[in-house]
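Asks: Can you look at this prediction? I've put the sequence above it.
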Number of protein chains: 2
Amino acid sequence: MIYPPALLRLIEALRCLPGVGPKSAQRMAFHLLEKDRDGAVLLADSLRQAVGGIGRCRRCRMFAQAQMCPICASNSRDASTLCVVESPADVAAIEQSGSYRGTYFVLMGHLSPLDGIGPDELGFAQLEALFAQGDIQEVILATNATVEGDATAHVIAELALRHQVKPSRIAHGVPVGGELEYVDGGTLAHALAGRHTLGR
Amino acid sequence: MIYPPALLRLIEALRCLPGVGPKSAQRMAFHLLEKDRDGAVLLADSLRQAVGGIGRCRRCRMFAQAQMCPICASNSRDASTLCVVESPADVAAIEQSGSYRGTYFVLMGHLSPLDGIGPDELGFAQLEALFAQGDIQEVILATNATVEGDATAHVIAELALRHQVKPSRIAHGVPVGGELEYVDGGTLAHALAGRHTLGR
């Protein structure tokens, strides 16, 4: 190969990024070397700092730079409600909605035996320890509305019931502002099955 | 924002990569922190080494770790033929074809006045100095078969003629193995206009 070894190593290293194949990695390496060497140095520093500084909150498993994330460390959050989500991005989305004042538990995935992701990888023991403490009254299962997300929610609900914690699942149905015509069949079936009575 | 500062900085830094928006950058950061911290460290090291170690060959502007790239430094290459290409990837492609034994000149782009890319950015002065040395007999213009690539080739041809260097353009036509039915009109027009006589 006609590229210098350091360039080949950079192209190879860029492939650790999800969704980046050999051609994209080459394009990224060329772009950085030709047009954005400052950006490359900044990226290298940010990677080192992130890997060195970011761990998991010991209570909720959210990415955190301290032992506890700001939400778990806060006094103004309702510690009797726990919302279980699959990813840190879900925490960000729920926080952005401004409609939740409880705490979180981040699974970092969903049950997927074929990929080797079981209760251990998702921190079920840690979650059970939280239930056993007795502070939590309700656990809101906000895993994704997929087969795997539903299965994960189901298993956690069983776990919660064993510790006298009330499990609930977030509602699935037609998105607010959504037009029925463009909503898929599965969602419509969910919305119909989950209908609630109006009036007195 | 609920993410730790080091994570926000990493997401921001990843956006220096071409084609990476806020959502992809977040997905990449999560992936690295959750599943591939070794990869992240390796990427950081590779970035630093590449930025520190890779410069341009002083003759052909190809990425190189020494002052000269292996092709320009080699004695076994025909220095009387120069192939002008837009990018290092083009050098790799031509080398892989195994059908060229001359040397290269890498423009690192094409003339594009609207993007502020003119003769200075493409090293035309350096190219002219090579022509002026008198070693080069023929310059093969292998810029891309686009409007910009053609324009760039045309300007370099003028430059070559002024120094008594013979300019030539690589052939454009139907790709080998290509079926006429699926070839676009522009390529067909090129192929027809560039036809050559067969037989004696």
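Replies: Structure received.

Asks: Buried ones in the longest strand seen in chain A, by neighbour count?
Replies: When chain A is parsed with DSSP state E, its longest strand is strand A:78-85. For strand A:78-85, the buried set under the neighbour-count rule, 16 or more other C-beta atoms under 10 Å in any protein chain shown, comprises A:79, A:81-85. Any C-beta I mention is one placed from the backbone N, CA and C, and that applies to glycine too.

Asks: what about A:Gln133, neighbour count?
Replies: 9 (other C-beta atoms under 10 Å in any protein chain shown).

Asks: Of all residues in chain A, which one is nearest the centre?
Replies: Note on chain A: the residue nearest the mean C-alpha position is A:Ser87, at 0.4 Å, using C-alpha atoms, centre = their mean.

Asks: just to revisit the earlier point, mind checking the pLDDT average for the longest strand of chain A?
Replies: Averaged over strand A:78-85, pLDDT sits at 94.

Asks: quick one: which of the buried residues of strand A:78-85 is nearest chain B?
Replies: A:Val85 (11.7 Å; C-beta to the nearest C-beta).

Asks: which residues touch the closest one?
Replies: Listed by C-beta atoms under 8 Å, 6 or more residues apart in numbering or on different chains, the contact partners of A:Val85 are A:91, A:94, A:104-107, A:142-143.

Asks: Tell me what it is bridged to.
Replies: On the basis of DSSP bridges, A:Val85 is bridged to A:Val106.

Asks: if I look at it, how far off is B:Ala44?
Replies: Computed with C-beta to C-beta, to the nearest Å, the distance linking A:Val85 and B:Ala44 is 29 Å.

Asks: Okay, buried residues for stretch A:179-189 please.
Replies: Along stretch A:179-189, these residues count as buried under the neighbour rule (16+ other C-beta under 10 Å): A:Thr187.

Asks: Run the chain-centre distance for it.
Replies: A distance of 25 Å separates the centroid of the chain from that of stretch A:179-189, by C-alpha atoms, centre = their mean, to the nearest Å.

Asks: which residues of chain A fall in strands?
Replies: Secondary structure of chain A, counting by DSSP E: strands at A:55-56, A:63-64, A:78-85, A:102-106, A:138-141, A:166-169.

Asks: Make a markdown table out of the ones you listed and add distance to A:Ala13.
Replies: Formatted as a markdown table, the strands of chain A follow (distance: least, C-beta to C-beta, whole Å):
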| stretch | distance to A:Ala13 |
| --- | --- |
| strand A:55-56 | 23 |
| strand A:63-64 | 22 |
| strand A:78-85 | 31 |
| strand A:102-106 | 28 |
| strand A:138-141 | 38 |
| strand A:166-169 | 41 |
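
Asks: which residues touch A:Ala142?
Replies: The contact partners of A:Ala142, taken as C-beta under 8 Å, 6+ apart, are A:83-85, A:90, A:94, A:170.

Asks: Need the residues that contact stretch A:21-33.
Replies: Contacts of stretch A:21-33 with the rest of the structure, by C-beta under 8 Å, 6+ apart, involve A:7, A:10-12, A:14-15, A:17, A:20, A:39-40, A:43, B:16-19, B:47, B:50-51, B:54, B:63, B:87-89.

Asks: what about A:Phe105, how many neighbours?
Replies: Using other C-beta under 10 Å: A:Phe105 sits among 25 other residues.

Asks: ditto for A:Ile156
Replies: By the criterion of other C-beta under 10 Å, A:Ile156 has 26 neighbours.

Asks: Test my guess that it contacts A:Val84.
Replies: Yes: applying C-beta atoms under 8 Å as the test, A:Ile156 and A:Val84 come out as touching, 5.9 Å apart.

Asks: Now do the shared contacts for those two.
Replies: Both A:Ile156 and A:Val84 are in contact with A:127, A:139, A:141, A:143, where contact means C-beta under 8 Å, 6+ apart.

Asks: which one of these sits closest to chain B?
Replies: Nearest to chain B out of those is A:Thr143 (C-beta to the nearest C-beta; 16.2 Å).
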